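Engineer: 3D, please:
(4 chains)
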Number of protein chains: 2
Amino acid sequence: MNPPATSSLLAPGQFERIAKALADPRRFAMLETISSALECPNQALCNDFPVSKATISHHIKELVQAGLIEPEREGQYKTYRVRQDVVNAYAAEVIRRVGKPRARAG
Amino acid sequence: MNPPATSSLLAPGQFERIAKALADPRRFAMLETISSALECPNQALCNDFPVSKATISHHIKELVQAGLIEPEREGQYKTYRVRQDVVNAYAAEVIRRVGKPRARAG
DNA sequence: TCATTTGTTTGATGGTTGTACAACTGTCTC
DNA sequence: GAGACAGTTGTACAACCATCAAACAAATGA
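Structural biologist: Below is the predicted model:
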């Protein structure tokens, strides 16, 4: 029962999914673009990245499934927001797992 | 010690390399294993993971090239240590880039 | 030097993934 | 409903990658 501190935000398997989502440079750049605006319309991504809209949709899907961004419908359009708490939880989890010497459990 | 800024530790391109290195679950698990001991001999990895030594060598190489671990020769054997400063710098860089709303450059 | 142990490199292979094109769904306006 | 715009999905392909087996290299010990 005791939900531990920071990592409880990440569902099982989410850590790996995030790691994979962040691994592709283009996808990470898209995440940065989304992060650079409070609300990023999909079209902005189509303008900023020289890939087809299908590819953008694919990357967006990965980011959403990783829990890194949240889509918002605005009528015909779609915008996205970065889940900063998830990003922070991921970074914290990385540090917790490999960022400091493990306690000797002794 | 006062490790100055967090990201200056990462060389150009290292961020992407680290992201890719962390993306594979098995490789990350190896990094965890190395992190769990102050010095991890290669044999420990061979015992803990059901993959061939060639595969282990390959993953180790990736981790070294990403700057995440440092090899140490001990005569016939080899051990590894996690560069916690690099891990921390990576986590900090993730947060800096996408972990908080971008300043509006104002 | 030879044999053993440890780790690396090479070549091959099956799976994963980033990408595009085409077709589809959904929404808005008329 | 028709047409236009925005985004998704299916299919296909090329590049990448994790993996192994085998050959190779390096160090130890007899």
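Engineer: Could you tell me what pLDDT the model assigned to the residue most central in space within chain A?
Structural biologist: For chain A, the residue nearest the mean C-alpha position is residue A:68 (2.4 Å; CA atoms, centre = their mean). Reported pLDDT at residue A:68 in the predicted model: 97.
Engineer: Against residue A:76, how distant is it?
Structural biologist: Distance check for residue A:68 against residue A:76: by CB to CB, to the nearest Å, it reads 24 Å. Quick note: C-beta positions are derived from backbone N, CA and C, even for glycine.
Engineer: OK, contacts around the residue nearest to the centre of chain A?
Structural biologist: Counting by CB atoms under 8 Å, 6 or more residues apart in numbering or on different chains, residue A:68 makes contact with A:18, A:21-22, A:31, A:82-83, A:86-87, B:98.
Engineer: same question, residue A:67
Structural biologist: So residue A:67 contacts A:10-11, A:14, A:17-18, A:83, A:86 (CB under 8 Å, 6+ apart).
Engineer: That one should be in a helix, yeah?
Structural biologist: No. Per DSSP: H, G, I helix; E, B strand; the rest coil, residue A:67 lies outside any helix segment and is coil.
Engineer: low pLDDT regions in chain A?
Structural biologist: By pLDDT under 70, the weakly predicted segments of chain A are A:1-8, A:40, A:101-106.
Engineer: in which helix or strand would I find the residue nearest to residue A:25 when sequence neighbours are not counted?
Structural biologist: With sequence-adjacent residues excluded and distances taken as CB to CB, 6 or more residues apart in numbering or on different chains, residue A:25 is closest to residue B:16, at 5.2 Å. Per DSSP states H and E, residue B:16 falls inside helix B:14-23.
Engineer: So the residue nearest to the centre of chain A versus DNA strand C, what's the distance?
Structural biologist: Going from residue A:68 to DNA strand C by CB to the nearest atom of the strand, to the nearest Å gives 14 Å.
Engineer: Relative to residue A:80, how far out is that residue?
Structural biologist: 9 Å.
Engineer: can you check residue A:17 too?
Structural biologist: 17 Å.
Engineer: same question, residue A:67
Structural biologist: 12 Å.
Engineer: now do residue A:38
Structural biologist: Residue A:38 is 10 Å from residue A:80, by CB to CB.
Engineer: Those two: which has the busier surroundings?
Structural biologist: residue A:80 (25 against 12; other CB atoms under 10 Å in any protein chain shown).
Engineer: now the helices: where do they sit in chain A?
Structural biologist: Along chain A, the segments classed as helices by DSSP state H run A:14-23, A:25-36, A:42-48, A:53-65, A:84-94.
Engineer: Which residues are in contact with the residue of chain A found nearest chain B?
Structural biologist: Nearest residue of chain A to chain B: residue A:23, at 3.6 Å (CB to the nearest CB). Counting by CB under 8 Å, 6+ apart, residue A:23 makes contact with B:19-20, B:22-23.
Engineer: could you redo the last one with a cut-off of 10 Å?
Structural biologist: The neighbours of residue A:23, taking CB atoms under 10 Å, 6 or more residues apart in numbering or on different chains as the test, are B:16, B:18-24.
Engineer: same deal with residue A:90?
Structural biologist: When contacts are counted by CB under 10 Å, 6+ apart, residue A:90 touches A:6-7, A:9-10, A:14-15, A:17-19, A:21-22, A:66-68, A:83, B:91, B:94-95, B:98-99.
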